[in-house]
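Q: All I have is the shape, not the residue letters:
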């Protein structure tokens, strides 16, 4: 197919300069049939799209290539197979095609997979009380004049967009439990689903897709609040995009310029006031005419009732009882 530039030059030569087909073919080094096709058409571009790609070599091995690609999704980047390694593995199974064929197929598969994943895991609408999102961020403040990095827990109701922010000195499991309790007490309830990344204080093992092994105490907390935990796919922050955006918003509006406080308690009281003030001053992105606070108050009747703080009991190990004959 001729380039757009060549087509434009042929069209200008014929329609503007009045050249004959013979002269255009000679001067622009284009065949006469191509010149005739261009001047007889008003098209400025000719494209060819194959209706069916036969994949003669890789066709029988697509399932094996996809199996290796899927297994990569649940692994850290340093443990994933490279495309050349996948090619070698498929070759060992009997594939006799080229590496480029595997590479092109893997690229098209990943593109289609990305489209399906984003459609499957990013809902456009959350019903009242359906879900909240949780995340951590690290912020720098001055506490009694000392520069301190605090760990900030973020909770966001997906329907109303109401946010809750609380700072801690550590990011331990006890702080996770406390953040949930403080947030649910403030919301006066919780949602039926909680959306998380794969934080170590909650997830012990990550499998392909959505398969997870959760920490026992974390599951106990979710059970008390009647929450179903849902973990994001690794490296897929868009699956909890609301709270990801909240992290940036809070950093820009609440922690810039650098805060000066006397204590962590003073900081958390100030952060809670800022969350309420922001919700009352900003409109809801979907329910126009209402503020975030108004939608949050209406969502309250759909939340699961708050049952009080979760009492975290550490792991207990039974002593070894000697066997008696």
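A: It's in. These numbers come from a predicted model, not from an experiment.
Q: Show me the strands in the stretch 151-300 of the chain, by range?
A: 163-168, 189-190, 193-196, 203-206, 212-214, 228-231, 260-261 (DSSP state E, counting those that start in this stretch).
Q: Is it possible to get TSV of these that adds distance to residue 270?
A: Just so you know, the C-beta spots here come from the backbone N, C-alpha and C atoms, and that holds for glycine as well. Putting those into TSV (distance: least, C-beta to C-beta, whole Å) gives the following:
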stretch	distance to residue 270
strand 163-168	10
strand 189-190	24
strand 193-196	26
strand 203-206	32
strand 212-214	33
strand 228-231	30
strand 260-261	7
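Q: Determine which of the ones you listed shows the lowest mean per-residue pLDDT.
A: Mean pLDDT is lowest for strand 203-206 among the strands of the stretch 151-300 of the chain, at a mean of 59.
Q: if we can go back for a sec, residue 309 is nearest to which of the strands of the stretch 151-300 of the chain?
A: Between residue 309 and the strands of the stretch 151-300 of the chain, the shortest gap by C-beta to C-beta is with strand 189-190, which sits at 12.5 Å.
Q: elements contacting that closest one?
A: strand 304-305 (3 or more C-beta pairs under 8 Å, 6 or more residues apart in numbering; DSSP states H and E).
Q: Among the strands of the stretch 151-300 of the chain, single out whichever gets nearest to residue 81.
A: Evaluated with C-beta to C-beta, those place strand 203-206 nearest to residue 81, the distance being 17.0 Å.
Q: any idea of the pLDDT on the closest residue to residue 165 other than its chain neighbours?
A: Closest residue in space to residue 165, ignoring its immediate chain neighbours: residue 271 at 4.8 Å, by C-beta to C-beta, 6 or more residues apart in numbering. Residue 271 carries a pLDDT value of 97.
Q: which residue ranges form the helices in the stretch 1-150 of the chain?
A: In the stretch 1-150 of the chain, the helices defined using DSSP state H, counting those that start in this stretch lie at 4-15, 21-28, 32-39, 62-73, 83-92, 99-121.
Q: so where's the chain uncertain?
A: Low-confidence segments of the chain (pLDDT under 70): 1-2, 42, 44, 46-59, 74-79, 113-124, 202-212, 233-239, 312-325.
Q: okay, now residue 96: neighbour count?
A: Neighbour count for residue 96, taken as other C-beta atoms under 10 Å: 8.
Q: measure the residue nearest to residue 72 when sequence neighbours are not counted to residue 286 for me?
A: Leaving aside its sequence neighbours, residue 72 sits nearest to residue 80 (C-beta to C-beta, 6+ apart; 4.3 Å). Residue 80 sits 38 Å away from residue 286, going by C-beta to C-beta, to the nearest Å.
Q: tell me the contacts of residue 259?
A: When contacts are counted by C-beta atoms under 8 Å, 6 or more residues apart in numbering, residue 259 touches 141-142, 267, 270.
Q: Surely residue 87 is in contact with residue 104?
A: No - between residue 87 and residue 104 there is no contact under C-beta atoms under 8 Å: 11.5 Å.
Q: Counting neighbours, go ahead and name the busier of the two.
A: Neighbours were counted for residue 87 and for residue 104 using other C-beta under 10 Å; residue 87 has more, 22 against 14.
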